[in-house]
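[1] I need the structure of the sequence given here:
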Amino acid sequence: MIAMALDQDTASDADLIGLAQGGDGVAFGQLVERHYDFVYRVAYRWCGRKQDAEDVAQEVCIRLAKAIRGYRGGGAFTSWLYAMAMNAARDLGRKSAREKTKTDAFSTQALISTAQAAEADDPVDELWRSVRALPDKQREAVTLVYGEGLSHAAAAEAMAISEATVSWHIHEAKKRLRILMRAAGEV
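    Predicted structure coming up:
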């Protein structure tokens, strides 16, 4: 097996992707292991709950197994993976919204809200909770630039928009965050 000879630390993503596209499970496993933390961080910043982030990360691994053969390498693998993670996070959000509607009908939302509030005692968690209240594109831009430390250019590639648009989303997000933080009594 060629993949057995590849050292995870020295094999490039392109090498691992090529082998995984050919059906090599070891290479696929190395690729997933290498990028799992990235997917989890993006999902956590988007969802705000560890359990949801774990669910999203696992869903992305499943989707990646099905989609890896279709990856053509036109851009950075992480940009493609980011789009996959965002789609999975949005899908989970829609599913959660449907479940919340059902839960509200049975008047148990107060219990869920109490459990969620107990998870966020850290001021950083409070800030990310405010970020999650932003419109989707602003939330994505903030997550990539401030959460993942990407440049505006790299975030633009991941979001498939222009760098100027990323900058605009960041600017608008800062304005909205100031308003949200003032309303919460944080500023």
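[2] can you tell me the helix or strand for residue 138?
    If you go by DSSP states H and E, residue 138 is part of helix 136-142.
[3] Contacts for that helix next, please.
    By Cβ atoms under 8 Å, 6 or more residues apart in numbering, the surrounding residues in contact with helix 136-142 are 46, 86, 90, 131-132, 134, 155, 159, 161, 166, 169-170, 172-173, 176. In this view, the C-beta of every residue, glycine as well, is placed from N, C-alpha and C.
[4] Going by neighbour count, list what's buried in that helix.
    Neighbour counts over helix 136-142 (16 or more other Cβ atoms under 10 Å) mark 137-142 as buried.
[5] Mind checking the pLDDT average for that helix?
    Helix 136-142 carries an average pLDDT of 89.
[6] Phi and psi next, for the residue nearest the centre of the chain.
    With distances taken as Cα atoms, centre = their mean, residue 42 lies nearest the centre of the chain, 2.6 Å away. Backbone torsions of residue 42, given as degrees, to the nearest 10, read phi -60, psi -50.
[7] just the one 10 residues further on next, same as before
    Main-chain torsions, residue 52, degrees, to the nearest 10: phi -60, psi -40.
[8] Check what pLDDT it gets.
    Looking at residue 52, its pLDDT is 92.
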